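Asks: show me how the following folds:
(one chain, ligands or ions: 1)
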Amino acid sequence: MLPESITSVTDILMRFPAVGRRSSQRIALQILEQSDTEFDHLIEQLQKMKQSVTFCPTCSFFSQNNLECDICRDHSRSVLQICILEKGTDVIALEKSLSYHGRYQVLSRLISPLDNIFADNTNLPQLFTRIENIVDKIRQGQVTSRSPLPYLELIFFLQPSFNAEATLAYVREKIQDKGWSEFVRLSKLAQGLPSFYNVDTLDQETLSKSIEGRIAIS
Ligand SMILES: [Zn+2]
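Replies: Got it, this is the predicted structure:
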């Protein structure tokens, strides 16, 4: 019924999460109705986003032009808490809870020996560099905290899976091998991320409770 080019755009838009055929067709038709100026502006902004958005050199969350992300630059956030997540979108989900005031580490991938994905294929080396720096600062008395002996808390927020367990086991082993155990504690959220979730509908209250009720795992 509709010209093929509209159907093609509709099909592409449908590949985005939470966009069904109806809404993707509506977006396609809306784009068609835009003035040339509006359309050019849209294309320009999409290109700009694609070219300028990079990953934070510290935590691998989304950033711009290879600079540190807003979260890493926010000095009001505790340097003694790093929440470990798989994807950048998981950060957005947790930020919505408004209950977490530490830093993040996005791993991009989890260790998966069956798929030949090992620690070096993930962002774990980046995490270990950060841990080493913080442990050095704690040792040198450069970090102040409310507890008499400051320690770094690594909070795992991963969807339960074999790969999540393998990743956690690797981090735990590395911390022991490096002699950081005295200064690093591991915990996980009372409830992991659901297998399928939509950032927009993730229940904030459940997340808040899950952060407050986190469980020590070492
Ligand atoms: Zn960052």
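Asks: helices along the chain, start to end?
Replies: Secondary structure of the chain (DSSP state H): helices at 4-13, 21-33, 36-52, 70-73, 88-95, 124-139, 162-177, 204-212.
Asks: of all those, which lies closest to the ion?
Replies: When the helices of the chain are compared by Cβ to the ion, helix 70-73 sits nearest the ion, at 3.3 Å. Heads up, the C-betas are built off the backbone N, CA and C, glycines and all.
Asks: in the closest one, what's buried?
Replies: Using 16 or more other Cβ atoms under 10 Å as the burial criterion, the residues of helix 70-73 that qualify are 71-72.
Asks: for stretch 8-22, same thing?
Replies: Of the residues in stretch 8-22, those scored as buried under the neighbour-count criterion (16+ other Cβ under 10 Å) are 9-10, 13-14.
Asks: got it, and stretch 18-36?
Replies: 24-25, 27-28.
Asks: for those, which one is nearest residue 38?
Replies: Distance ranking of the buried residues of stretch 18-36 against residue 38, using Cβ to Cβ, places residue 27 first at 13.5 Å.
Asks: first to last residue in stretch 142-157, what's the distance?
Replies: One end of stretch 142-157 sits 28 Å from the other (Cα to Cα, to the nearest Å).
Asks: list the contacts of that stretch.
Replies: 79-85, 90, 94, 102, 131, 134-135, 137-138, 164, 168, 171, 182-189, 192-193, 211, 214, 217 (Cβ atoms under 8 Å, 6 or more residues apart in numbering).
Asks: tell me the gap between it and the middle of its chain.
Replies: 21 Å (Cα atoms, centre = their mean, to the nearest Å).
Asks: check which residues of it are buried.
Replies: By neighbour count on 16+ other Cβ under 10 Å, the buried set for stretch 142-157 is 143, 150-157.
Asks: per-residue pLDDT of residue 136, please?
Replies: Confidence per residue is given as pLDDT, and for residue 136 that number is 95.
Asks: that one - how many residues pack around it?
Replies: Residues within reach of residue 136, counting by other Cβ atoms under 10 Å, total 12.
Asks: quick check: the farthest pair among the buried residues of stretch 8-22?
Replies: Of all pairs drawn from the buried residues of stretch 8-22, the greatest distance, 9.7 Å, lies between 9 and 14 (Cβ to Cβ).
Asks: show the contacting residues for residue 183.
Replies: 134-135, 138-139, 150-152.
Asks: residue 113 is in contact with residue 121, correct?
Replies: No: applying Cβ atoms under 8 Å, one finds residue 121 not in contact with residue 113, separated by 10.8 Å.
Asks: neighbour count for the two, which is higher?
Replies: The neighbour comparison of residue 121 against residue 113 (other Cβ under 10 Å) goes to residue 121, with 15 against 10.
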